[in-house]
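> Here you go, sequence then predicted model.
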Amino acid sequence: MAMTKKQKQEAELEAFYNESVPVMLVKDNWKHKDDLTVTVNGVNYQIKRGESVMVPRKVALAVERADKQAAAAEKYIDSLKEA
């Protein structure tokens, strides 16, 4: 049975998000010294800091979003201190 257009698009999107990409997390022996555990859709991934590792793109995107949120939170806190 042939796949419909929607099924084909969903399969391509799933393949895109599951494609392995390199990620390197900062290790500074202070705030960012331990490995990072990321949970995406109920699956846990442990990412070692200080070296390049291959993870699914969906995990890399989750880490990127979390970093952006943390930066926005720090900026907001700093703005409250100035007021």
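Great, that's in hand.
> Which parts of this protein are strands?
In the chain, the segments counted as strands under DSSP state E are 20-24, 36-40, 43-47, 52-56.
> so where's this protein shaky on pLDDT?
1, 83 (pLDDT under 70).
> Show me where it has its helices.
5-18, 57-82 (DSSP state H).
> which helices and strands does the first one pack with?
Think helix 5-18. Packed against helix 5-18 by the contact rule (3 or more C-beta pairs under 8 Å, 6 or more residues apart in numbering; DSSP states H and E) you find helix 57-82. C-betas here are computed from N, CA, C, even on glycine.
> Show me what the helix it packs on packs onto, helices and strands only.
Under the contact definition 3+ C-beta pairs under 8 Å, 6+ apart, helix 57-82 sits against helix 5-18, strand 20-24, strand 36-40, strand 43-47.
> hmm, back to that, adding distance to Y45 and mean neighbour count, write the helices of the chain out as CSV.
As requested, these are exported to CSV (distance: least, C-beta to C-beta, whole Å; neighbours: other C-beta atoms under 10 Å):
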stretch, distance to Y45, mean neighbour count
helix 5-18, 12, 11
helix 57-82, 5, 12
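> could I get those helices as JSON lines with distance to V43?
Shown next, in JSON lines, are the helices of the chain (distance: least, C-beta to C-beta, whole Å):
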{"stretch": "helix 5-18", "distance to V43": "11"}
{"stretch": "helix 57-82", "distance to V43": "9"}
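> Among these, which comes closest to W30?
Proximity to W30 (C-beta to C-beta) singles out helix 57-82 among those, at 15.1 Å.
> what angle do the closest one and helix 5-18 make?
70 degrees (axes from the mean of the first three to the mean of the last three C-alpha atoms, to 10 degrees).
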